[in-house]
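> predicted model and sequence follow; I will ask about them next.
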Amino acid sequence: MVVAAPPSGLVRFRDLARDPRAVIAAGSLAVIVVGLPLRLVSPEWSAWLLLGGLVVTGAPIVWKTVIEARRGHWATDVVAVLAIVTAVVLRQPFAGLVIVLMRSGGEALEEYAAGRASSALRELEDAAPRIAHRLADADATSVADIPVTDIAIGDLLLVRPGDVVPCDATVHDGHSLVDVSRLTGEPVPVSAAPGTNLLSGSVNGDGVLTIAATARAADSEYAKIVALVRSAQATKAPLARLADRYAVWFTPLTLLVCAGTYLATHDAMRVLAVLVVATPCPLILATPIAIVGGISRAARRRIIVRHGGALEALSRVDTVVFDKTGTLTIGKPAVSRVLTVPSITPRELLRLAGAVEQGSSHLLARTLVDAAVAGGASLPAARHHLESPGRGVAADVDGHEVAVGARAYILERATFTPEALAALERDDVGLRAYVAVDRRLAGVVEYEDRVRPGLRSLLARLTTLGVARTALLSGDHAPNVKAVAAEAGIVDARGDLLPDGKVSVIHQLAREGARVMMVGDGTNDAPALSAADVGVALASHGGGISAEAADVVVLADDLARVADAIVIGQKTLAIARQSIWLGLGLSAAAMGAASLGLLAPAAGALLQEGIDIASIVNALRASR
């Protein structure tokens, strides 16, 4: 039986309800609600209830702050704790309980805004190969299943169709198409033949391969990706709380006003009143409320922000690094050009080749069929298919023997002249399918990925948002990467990068002082997404491990949402700062009034609530 999981928002709410800080806030509110009406019946019992409630709910806050202070962490909590302790000493529990309510409730809300930790490591480790099929020798028919940890360099391993390559290896025998997209991000499969180097984590196609291990599983490429993500997440410095940065100067100012008030008046009640109105509830409340609003606003744009720190990081981005395939490009190869010998037209070549390929599930076969149909061809039925796994396929179409496949496969079975072959291969393109008709070379079909529309306008928009530098990092061959970069208008383009190479570039940018956003979509991008100040995964088709490793997930198939995320981050933090300045300005004025004896502690607590409400109302603008 399959039980549906509760909505993530409900899960988050349940987590909030179990947060000790939320429990403390609820407890202090309950004491206030019961204790104040009780004063009409029994002032003495009301006083004891309020004071006891303050001691019980305030003690955890005081203890935690003392521990943090001993570690050198002085932040917004210091003034709040001094106010709580002073309220207990002077038996002014109502003022202290209000502070406990605001401080605990604000921290619980801030934790709620922080979101959940990424499970990228768990996802990566779950997807790692576990079993390898070891051969006794090259000619053996018996196969032993072994844990991948038992693989030794030089072992001969059998890789069946659909298997994950368990370690870095060289193909010893067999032909197949191998999906390397999890590692390089490239959607075009690699044609594997004897001598081809394969990386662990690649997925075999429909051919059977015998491979020779060149590294242990623990030293292979997939294990390196897992280690890179683990290292990036462990060393990524957490953002300091926005409130704490303001508290650095506001807390000493408050203590100076308290000291001056006591020296001038020797009135402890005035000091308590100053502490009550100076308790930085706007600092505690404004930021998480604005961040929750910003997260909600982003969600309406199908942008999932995992935690509040990501919004702050988005607001500070000045460098954006893109992956290529599936990010700047569509991520699906398309037929770009058809070259033929003079005796056949490109449309007829596509019609015959499409007829042969229409029964195949291979990505390139489907692409070729789509191109033939889009060109207006009506595909005839093909008969007597003869497939060479990983190399090509031949069939009879309208009385012609038609073969489609790799260069070596076609040239082995077709006649051609060097001049005709040179004419068909006049450019150095990334991927071709060769076609023979009646055992004569007839033409080639060239494939390439397509750059997303509107890319240049996106880059221009990023510039207006303060992004001073963009870069393109890819596992694809450098010439292909530079061609896409030139079309997009990106100067810094680097190709032939494995995941650790992308991480190295991001670390170098960080050392230069850049605040880096990494935008990617594949497993190979997970380490770089984790290493950047903010990682953005394009996950319109699922996302998988890259979505787990990222701080921000874009669910729409629209690269422009990357700029939208930056805008939301900038506006959210601007509103949070406005709310903080509004609250601190009003609190400073109230401190002056309290030091002159114009506010009693209880009245100051109520006034502080009004200041909090003003800050909260302003912070709520972030959700609009």
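Perfect, thanks for sending it. Residues are numbered from 1 along each chain as shown.
> number of nearby residues for S595?
23 (other Cβ atoms under 10 Å). The C-beta positions use only the backbone N, C-alpha and C, and glycine is treated the same way.
> report pLDDT for it.
On pLDDT, S595 comes in at 88.
> excluding sequence neighbours, find me the nearest residue to it.
Of all residues not flanking S595 in the chain, T261 sits nearest, at 4.3 Å (Cβ to Cβ, 6 or more residues apart in numbering).
> next, the contact list for that neighbour, please.
The neighbours of T261, taking Cβ atoms under 8 Å, 6 or more residues apart in numbering as the test, are D267, R270, V271, V274, A594, S595.
> right, and the helix or strand after the host helix or strand of it?
T261 is located in helix 242-265, with elements delineated by DSSP states H and E. Remark: after helix 242-265, the chain's next helix or strand is helix 268-278, criterion DSSP H and E.
> doesn't V320 fall inside a strand?
Yes - membership of V320 in a strand is supported by DSSP: H, G, I helix; E, B strand; the rest coil.
> which residues does it contact?
L462, V467, R469, T470, A471, V516, M517, V519, V562 are the contacts of V320 under Cβ under 8 Å, 6+ apart.
> OK, contacts around the fourth one?
When the contact criterion is Cβ under 8 Å, 6+ apart, the partners of T470 are T319, V320, V321, F322, L459, L462, I490, D492.
> the last one: neighbour count?
Using other Cβ under 10 Å, the number of residues around D492 comes to 14.
> how near is it to H172?
As defined by Cβ to Cβ, to the nearest Å, D492 lies at a distance of 40 Å from H172.
> same thing with the third one?
To H172, V321 is 38 Å away according to Cβ to Cβ.
> low-confidence stretches in the stretch 151-300 of the chain?
The stretch 151-300 of the chain contains residues with pLDDT under 70 at 182-188, 228-245, 247-248, 280-285.
> between V321 and H172, which has more neighbouring residues?
Legend: neighbour count by other Cβ under 10 Å for V321 and H172, higher for V321 (27 against 15).
> so who does the more buried one touch?
470-473, 502, 505-506, 509, 516-519, 528, 532.
> partner residues bridging it?
A471, M518 (DSSP bridges).
> and A132, helix, strand or coil?
A132 is classified as strand under three-state DSSP.
> please look at it and L157 and confirm they touch.
Yes - in this structure, A132 is within contact of L157 by Cβ atoms under 8 Å, at 5.3 Å.
> give the residues shared as contacts by those two.
I151, P166, C167.
> okay if I get those residues as JSON lines plus neighbour count and secondary structure?
Output for the shared contacts of A132 and L157, formatted as JSON lines (neighbours: other Cβ atoms under 10 Å; DSSP: H, G, I helix; E, B strand; the rest coil):
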{"residue": "I151", "neighbour count": "23", "secondary structure": "coil"}
{"residue": "P166", "neighbour count": "29", "secondary structure": "coil"}
{"residue": "C167", "neighbour count": "28", "secondary structure": "coil"}
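> distance to L363 added to these, as CSV?
What follows is these, written out as CSV (distance: Cβ to Cβ, whole Å):
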residue, distance to L363
I151, 29
P166, 23
C167, 25
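> from the residues you listed, which is closest to R391?
P166 (23.6 Å; Cβ to Cβ).
> quick one: V356 from V178, how far?
In terms of Cβ to Cβ, V356 sits 22 Å off from V178.
> more neighbours: which of these two?
Ranked by neighbour count (other Cβ under 10 Å), V356 and V178 place V356 first, with 27 against 21.
> which one is that one nearest to, not counting chain neighbours?
Leaving aside its sequence neighbours, V356 sits nearest to A395 (Cβ to Cβ, 6+ apart; 4.7 Å).
> E446 too?
Using Cβ to Cβ, 6+ apart, the closest residue to E446 is R337 (4.5 Å).
> could you chop this structure up by domain?
Domains of the chain are assigned by automatic domain parsing as 130-163+168-214, 334-448.
> can you give me the neighbour number for A259?
Quick note: A259 (other Cβ under 10 Å) scores 12 neighbours.
> so who does the closest residue to I344 other than its chain neighbours touch?
In space, and not counting its chain neighbours, I344 is closest to A442: 5.3 Å by Cβ to Cβ, 6+ apart. By Cβ under 8 Å, 6+ apart, the contact list for A442 reads T340, V341, S343, I344, L349, L352, V435, A436.
> in three-state terms, label the last one for me.
For A436, the secondary structure call by three-state DSSP comes out as strand.
> which residues does it contact?
Applying Cβ under 8 Å, 6+ apart, the residues contacting A436 are V402, A403, I410, R413, A414, A442.
> buried stuff in the longest helix along the chain?
With DSSP state H setting the assignment, residue counts place helix 561-595 as the longest helix in the chain. For helix 561-595, a neighbour-count test (16 or more other Cβ atoms under 10 Å) marks 561-573, 575-580, 582-584, 586-587, 590-591, 593-595 as buried.
> first to last residue in stretch 317-327, what's the distance?
With Cα to Cα, to the nearest Å as the measure, stretch 317-327 spans 18 Å from end to end.
> now that stretch: mean pLDDT?
Rounded mean pLDDT across stretch 317-327 is 89.
> just stretch 464-482 next, same as before
Mean predicted confidence for stretch 464-482 is 89.
> ok now that stretch, how far from the chain's centre?
Chain-centre distance of stretch 464-482: 18 Å, with Cα atoms, centre = their mean, to the nearest Å.
> I611 reaches A590, doesn't it?
Yes - counting by Cβ under 8 Å, I611 touches A590, with 7.0 Å between them.
> overlap of the contact sets of the two?
Common neighbours of I611 and A590 (Cβ under 8 Å, 6+ apart) are V277.
> for the longest strand along the chain, what is the distance to the chain centroid?
Longest strand in the chain by number of residues (criterion: DSSP state E): strand 440-448. Its chain's C-alpha centre and that of strand 440-448 lie 39 Å apart, by Cα atoms, centre = their mean.
> list the buried residues of it.
So for strand 440-448, counting by 16+ other Cβ under 10 Å, buried means L441, A442, G443, V444, V445, E446, Y447, E448.
> what residue is smack in the middle of this structure?
When Cα atoms, centre = their mean is applied to the chain, the residue found nearest the centroid is A550 (1.4 Å).
> tell me the pLDDT at the nearest residue to it once chain neighbours are set aside?
Nearest non-adjacent residue to A550, counting by Cβ to Cβ, 6+ apart: A537, 3.6 Å away. A537 is assigned a predicted lDDT (pLDDT) of 85.
> surely A537 is in contact with V552?
Yes - assessed by Cβ under 8 Å, A537 is found in contact with V552 at 7.3 Å.
> among the contacts of A442, which ones are buried?
T340, V341, I344, L349, L352, V435, A436.
> where do the strands sit along the stretch 201-350 of the chain?
Along the stretch 201-350 of the chain, counting by DSSP state E, counting those that start in this stretch, strands occupy 203-204, 209-213, 303-305, 319-322, 334-340.
> hmm, who's touching the shortest one?
Spelled out, that is strand 203-204. Counting by Cβ under 8 Å, 6+ apart, V159, R160, P161, G162, D163, V164, V165, S176, V178, D179, R182, A192 sit against strand 203-204.
> again, only this time at 10 Å
Strand 203-204 is contacted from outside by 129, 159-165, 174, 176-183, 189, 192, 198, 211, 390, using Cβ atoms under 10 Å, 6 or more residues apart in numbering.
> wait, A127 sits on V164?
Yes - using Cβ atoms under 10 Å, A127 makes contact with V164 at a distance of 8.2 Å.
> who's more crowded, these two?
V164 (20 against 15).
> just list the residues touching that one, thanks.
127-132, 148, 179, 182, 200-204, 222.
> OK, contacts around T214?
I153, G154, D155, C167, D168, A169, T170, N197, L198, L199, S220.
> which ones among these lie within strands?
Using DSSP E, the contacts of T214 in strands are A169, T170, N197, L198.
> beta partners for the last one?
Read it as L198. Under the criterion used here (DSSP bridges), L198 is bridged to A169.
> can you pull the buried residues of the helix or strand containing E419?
Using DSSP H and E, E419 sits within helix 418-424. Applying a neighbour-count criterion of 16+ other Cβ under 10 Å, one finds A420, L424 buried in helix 418-424.
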